[in-house]
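Visitor: sharing a model that was predicted from the sequence below.
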Amino acid sequence: MLRAMIVDDEAPARSELRFLLEQTGKIGSINEASSVRSAIEMLMENRVDVVFLDISMPGASGIQLAEALHKLKNPPAVVFVTAYSDHAVEAFDVDATDYLMKPVEEARLDQAINKVLARVKPTSDSSKSSIERIPVEKGGRKVLIPVDQIRYIMAKDDYSCIFTEDDRYLSTTSLAQFESKLGDFGFFRVHRRYIVNLANVEDVETVPSGAIQLGVSGLDDRIPVSRRRVVPLKKALNL
């Protein structure tokens, strides 16, 4: 599964591309950035396999970011996603893997992802050796929680609330960051507010409204699943 980042200053464009990427079943986690500056800040904390990059943005352009990434020792693949065709030559000058036109077609996006898969090795193997426990604050001290003890993580105000079988912990790490770090450990972003350890999912229920809810071991309340995440979740659970 690939780790991806979407860089686009337009929120609707990011949302649409995220939806299409999730439907492919080939993307493990997705970070979003609204500018080159915020993308660089995220990339300093989280390594990704592929960046889906708009070209025309306020401030620094996508071409400038691609040039900077191309100079790295192990750069992520770059797939440009733009409404303009006149930057194609510049794009391939910075070794872009592909160049997609908006609105993005599903078949064309899948073709681009296959090119990325043929070109890069997903980061999952290296990340598993480096992330075995999550540091959190508890009672004024640092506590290291084994990843396999986490049942689910919920966004709460400016914090993430991590739930284990018998306790809960607050963390300043965002849900997007946890999604990136834990995607290869069987964790799945089922909702904008929830990440679930799939190993603890006991049942999947369709409620009268047609929405999907998850039963998680040790949890009385059920966890909602966003409609856009139902298809990739079923793929992840082999349903």
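Guide: Right, received. Where do you want to start?

Visitor: show me where pLDDT drops low in this structure?
Guide: Residue ranges of the chain with pLDDT under 70: 87, 89, 91, 121-131.

Visitor: helices along the protein, start to end?
Guide: Assigned by DSSP state H, the chain shows helices spanning 11-24, 36-45, 62-70, 88-93, 106-119, 124-130, 175-182, 230-236.

Visitor: quick one: closest of these to residue 161.
Guide: Judged by C-beta to C-beta, the one of these that comes nearest to residue 161 is helix 175-182, at 10.0 Å. Every residue, glycine included, has its C-beta placed from N, CA and C.

Visitor: packing partners of that closest one?
Guide: Counting contacts by 3 or more C-beta pairs under 8 Å, 6 or more residues apart in numbering; DSSP states H and E, helix 175-182 packs against strand 27-33, strand 150-156, strand 187-191, strand 194-197.

Visitor: gap between it and the chain center?
Guide: 7 Å (C-alpha atoms, centre = their mean, to the nearest Å).

Visitor: list of residues touching that helix?
Guide: With contact meaning C-beta atoms under 8 Å, 6 or more residues apart in numbering, helix 175-182 is reached by 3, 29-32, 45-46, 48, 127, 131, 147, 150, 153, 155, 160, 171, 187, 189, 192-193, 195.

Visitor: and this structure, what are its domain boundaries?
Guide: When the chain is parsed with automatic domain parsing, its domains come out as 2-126, 131-236.

Visitor: quick revisit: of the contacts of helix 175-182, buried ones?
Guide: Buried members of the contacts of helix 175-182, counted by 16 or more other C-beta atoms under 10 Å: 3, 29-32, 46, 48, 127, 147, 150, 153, 155, 160, 171, 187, 189, 193, 195.

Visitor: if we go by neighbour counts, what in stretch 225-239 is buried?
Guide: Burial within stretch 225-239, assessed by neighbour count using 16+ other C-beta under 10 Å, is assigned to 225, 226, 229, 230, 232, 233, 236.

Visitor: how about those in CSV, adding distance to residue 166?
Guide: Formatted as CSV, the buried residues of stretch 225-239 follow (distance: C-beta to C-beta, whole Å):
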residue, distance to residue 166
225, 25
226, 28
229, 28
230, 30
232, 30
233, 26
236, 26
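
Visitor: going by distance to residue 80, which of these wins?
Guide: Looking across the buried residues of stretch 225-239 and measuring by C-beta to C-beta, the closest to residue 80 is residue 232, at 24.0 Å.

Visitor: how far away is the residue lying closest to the closest one once chain neighbours are set aside from residue 92?
Guide: Leaving aside its sequence neighbours, residue 232 sits nearest to residue 22 (C-beta to C-beta, 6 or more residues apart in numbering; 4.7 Å). Taking C-beta to C-beta, to the nearest Å as the measure, residue 22 falls 27 Å from residue 92.

Visitor: could you find the closest non-adjacent residue to the residue nearest to the spatial centre of the chain?
Guide: Closest to where the C-alpha atoms of the chain average out (C-alpha atoms, centre = their mean) is residue 30, at 1.9 Å. In this structure, residue 30 finds its nearest non-sequential neighbour in residue 4, 4.9 Å apart by C-beta to C-beta, 6+ apart.

Visitor: next, the contact list for the one you found, please.
Guide: 21, 27, 29, 30, 31, 48, 49, 50, 51, 52 are the contacts of residue 4 under C-beta under 8 Å, 6+ apart.
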